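# here are the coordinates; sequence isn't available:
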């Protein structure tokens, strides 16, 4: 039972929040297709939250204010907009009947997940169900419903909750709202902005005063830490959460439900838009907030990161969730286009110029995993020139849980692996290729060469290329070189993505 003092404190907070909730004012925006955004008449409302909503709606999201969103919800204790989710399941799975749709909806329903679950573990379970793809050692399975095949035999059918195909991205329902009331066990919270896709709350955004230099710490102290407190009844908001964002307009950063303030990161590239295109879209000089929102909440980027750029790890006995940095999303997306759409049909895949410490090994892991999926399990090789690097990258691949590596123990073992490379991710040092003719395969193999500015211009490198006549080579380097007989681009092709040391300084990069 609560004490008299505690009950009074809770009641006073409820009155204060309700007053804030009711006091929001409609602002008609000339930058958001003439929409009426209902905003608090305070600096963080007018100068941060309002521009954020304008940018998000310019990216193609629908908007409902907190009064309109209440009409779509049966209970303010629920984090999912179930009417929208049901329509999405119907739209994306036209072959399912009403009973199957009800079954699918019940399997993703928040009541199926205990609030006592570890939040990161629950988040991983839910993500597997949402994206419909799991690894061999995954902690749960995608959602399926019972059906009958064309021969009259019982079968299980996968259920789609999102359309991930970039060409069909608008088959999804994109919605943004603000001051989203979520009732807990004793109290409620009002997150500033929540982004829903197909009724599922994927992104949580907190807005702080534009002059608040410690905006990120304030977002944790005043909001995120409170929202994530145990036994308050708001836990399930994070079971479905993909990303969290803190912003004060002139600065913004993002992280996951397991990130502390020191692990939130900048997103300073609006890719696939340029800054000029973003400025035209927003009708103003883009702020740091505009750039981050455009990069993260671009419809294709958001669902791409949800599907392909998430890792779950255990670090110092803590479950953590990691999401790619923008340079990793950008380079992998570009690299996949070069092999998927035939931009390059030669052995020269191209050069990735990323500064040391920018997360190249994780970029390789993301790339390798998506190559296995999109190219139907080709052979993939990761080549280094030092045992320590070989061991380090292998460990990073293993930790990522994305593409399980096989480390060649010797030249003989490498030769055995290359006899049937299909479906394998092979880790090796360049020196294992030995003399010409000892090791070879005619299979199409995708080769990712780390520190490619070194040891790629002599006899051993020529043995490697002779052994892999149908391979496509990608170079990862922080220092491409251009000397008389040693030119990185001559060996590997053009530089198609660059993340410089200056970029890392600007981003205040926390080196991976």
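On my side now, so go ahead. For clarity, every value in this text was computed on a predicted model and none was experimentally measured.

# give me the number of residues near the spatially closest residue to residue 260 that is not a sequence neighbour?
In this structure, residue 260 finds its nearest non-sequential neighbour in residue 220, 7.5 Å apart by CB to CB, 6 or more residues apart in numbering. C-beta coordinates here come from the backbone N, C-alpha and C atoms, glycine included. Using other CB atoms under 10 Å, residue 220 has 21 neighbouring residues.

# please apply the same query to residue 370.
That count, for residue 370 with other CB under 10 Å as the rule, works out to 21.

# repeat that for residue 389.
Neighbour tally, residue 389, other CB under 10 Å: 17.

# I'd say it and residue 451 touch.
Yes - contact status for residue 389 versus residue 451: in contact at 6.8 Å, counting by CB atoms under 8 Å.

# and residue 374, how far is that from residue 351?
21 Å (CB to CB, to the nearest Å).

# which of the two has more neighbours?
residue 351 (25 against 13).

# look up phi and psi at that one.
phi -110, psi 130 (degrees, to the nearest 10).

# try the one 4 residues further on
As for residue 355, its main-chain torsions (degrees, to the nearest 10) stand at phi -60, psi 150.

# which one is it nearest to, not counting chain neighbours?
residue 501 (4.5 Å).

# report how many residues lie close to the one you found.
Going by other CB under 10 Å, the residues that sit close to residue 501 add up to 14.

# do residue 217 as well
Neighbour tally, residue 217, other CB under 10 Å: 14.

# got a pLDDT number for it?
In this model, residue 217 is scored at 96, pLDDT.

# what helix or strand does it sit in?
helix 215-219 (DSSP states H and E).

# and the helix or strand just after that helix, what does it pack onto?
Per DSSP H and E, the first helix or strand lying C-terminal to helix 215-219 is helix 225-227. Judged by 3 or more CB pairs under 8 Å, 6 or more residues apart in numbering; DSSP states H and E, helix 225-227 has no packing partners among the helices and strands.

# same question for helix 225-227, mean pLDDT?
96.

# list the buried residues of that helix.
residue 227 (16 or more other CB atoms under 10 Å).

# just how off-centre is it within its chain?
22 Å (CA atoms, centre = their mean, to the nearest Å).

# then stretch 265-279?
Relative to its chain's centre, stretch 265-279 lies at 16 Å (CA atoms, centre = their mean).

# mind starting the numbering at 29 from now?
In the new count, where the first residue is 29, that last one comes out as stretch 293-307.

# got the end-to-end distance for it?
22 Å (CA to CA, to the nearest Å).

# now swap in stretch 190-207 and tell me
With CA to CA as the measure, the ends of stretch 190-207 fall 25 Å from one another.

# distance from that stretch to the middle of the chain?
15 Å.

# what bits of the stretch 129-278 of the chain have low per-residue confidence?
Scanning the stretch 129-278 of the chain for pLDDT under 70 picks out 162-167.

# cutoff 80 now
Applying pLDDT under 80 to the stretch 129-278 of the chain flags residues 161-168, 240.

# mind listing the helices for it?
For the stretch 129-278 of the chain, applying DSSP state H, counting those that start in this stretch gives helices covering 147-159, 243-247, 253-255, 264-267.

# residues of the first one that come out buried?
I take that to be helix 147-159. 147-148, 150-159.

# what about the strands in the stretch 329-478 of the chain?
Ranges of strands within the stretch 329-478 of the chain are 338-343, 346-351, 376-382, 407-412, 434-435, 453-457, 473-478, based on DSSP state E, counting those that start in this stretch.

# sheet-wise, list the partners of the fourth one with their directions.
Right, strand 407-412. Strand 407-412 has the following sheet partners, assigned by DSSP bridges: strand 453-457 (parallel), strand 473-478 (parallel).

# can you give me the offset of the next helix or strand after the last one from its chain's centre?
What that stands for is strand 473-478. Downstream of strand 473-478, the next assigned helix or strand under DSSP H and E is helix 487-495. Using CA atoms, centre = their mean, the distance from the centre of helix 487-495 to the centre of the chain it belongs to is 37 Å.

# packing partners of helix 487-495?
Using 3+ CB pairs under 8 Å, 6+ apart: helix 487-495 touches no other helix or strand.

# direction included, what does the helix or strand just after it pair up with?
Using DSSP H and E, the next helix or strand after helix 487-495 towards the C-terminus is strand 500-505. The pairing partners recorded for strand 500-505 under DSSP bridges are strand 376-382 (parallel), strand 473-478 (parallel).

# any chance of these in a markdown table, plus distance to residue 407 and mean pLDDT?
As requested, these are exported to a markdown table (distance: least, CB to CB, whole Å; pLDDT from 0 to 100):
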| stretch | distance to residue 407 | mean pLDDT |
| --- | --- | --- |
| strand 376-382 | 14 | 92 |
| strand 473-478 | 4 | 93 |
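
# tabulate those strands (CSV), appending distance to residue 206.
Listed next are the strands paired with strand 500-505 as CSV, based on distance: least, CB to CB, whole Å:
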stretch, distance to residue 206
strand 376-382, 37
strand 473-478, 43
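
# can you tell me which of those strands comes nearest to residue 515?
Counting by CB to CB, residue 515 lies closest to strand 376-382 out of the strands paired with strand 500-505; the figure is 10.5 Å.

# distance between the closest one and the chain's centre?
Distance of strand 376-382 from the chain centroid (CA atoms, centre = their mean) equals 22 Å.

# now do it: everything it contacts.
The contact list for strand 376-382 (CB atoms under 8 Å, 6 or more residues apart in numbering) reads 355, 359, 363, 366-367, 372, 388, 391, 474, 480, 500-506, 508, 516-517, 519-528.

# show the contacting residues for residue 412.
Going by CB under 8 Å, 6+ apart, the list of residues near residue 412 reads 418, 421, 455-458, 477-479.

# quick check, nearest of those residues to residue 490?
Set against residue 490, the nearest of the contacts of residue 412 by CB to CB is residue 458 (10.9 Å).

# so residue 168 touches residue 156, yeah?
Yes - applying CB under 8 Å, one finds residue 168 in contact with residue 156, separated by 4.9 Å.

# residues contacting the residue nearest the centre of the chain?
For the chain, residue 333 is the residue whose C-alpha lies nearest the centre (CA atoms, centre = their mean; 2.7 Å). By CB under 8 Å, 6+ apart, residue 333 lies in contact with 270-271, 324, 351-352, 357.

# can we see that at 6 Å?
By CB atoms under 6 Å, 6 or more residues apart in numbering, the contact set of residue 333 is residue 351.

# what does residue 500 give?
Counted by CB under 6 Å, 6+ apart, residue 500 has contacts 375, 377, 474.

# quick revisit: and the buried residues of helix 147-159, which two are the farthest apart?
Pairwise distances across these (CB to CB) peak at 18.2 Å, for the pair 147 and 159.

# ranges for the strands of the stretch 179-328 of the chain?
Taking DSSP E, counting those that start in this stretch as the criterion, the stretch 179-328 of the chain carries its strands at 182-186, 202-206, 210-211, 216-217, 221-225, 228-235, 271-275, 280-283.

# buried residues, stretch 133-142. List them.
By neighbour count on 16+ other CB under 10 Å, the buried set for stretch 133-142 is 133, 136, 138, 141.

# mind checking which of the residues you listed land in strands?
Among the buried residues of stretch 133-142, no residue falls in strands (DSSP state E).

# closest to residue 316 among those residues?
Ranked by distance to residue 316 (CB to CB), the buried residues of stretch 133-142 are led by residue 138 at 33.6 Å.

# please look at the closest one and residue 264 and confirm they touch.
Yes - counting by CB atoms under 6 Å, residue 138 touches residue 264, with 4.6 Å between them.

# one step back: got the helices of the stretch 129-278 of the chain as CSV, with distance to residue 291 columns?
Formatted as CSV, those follow (distance: least, CB to CB, whole Å):
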stretch, distance to residue 291
helix 147-159, 13
helix 243-247, 11
helix 253-255, 14
helix 264-267, 16
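
# who wins for proximity to residue 283 among the ones you listed?
Across those, closest to residue 283 is helix 243-247 (CB to CB), at 9.2 Å.
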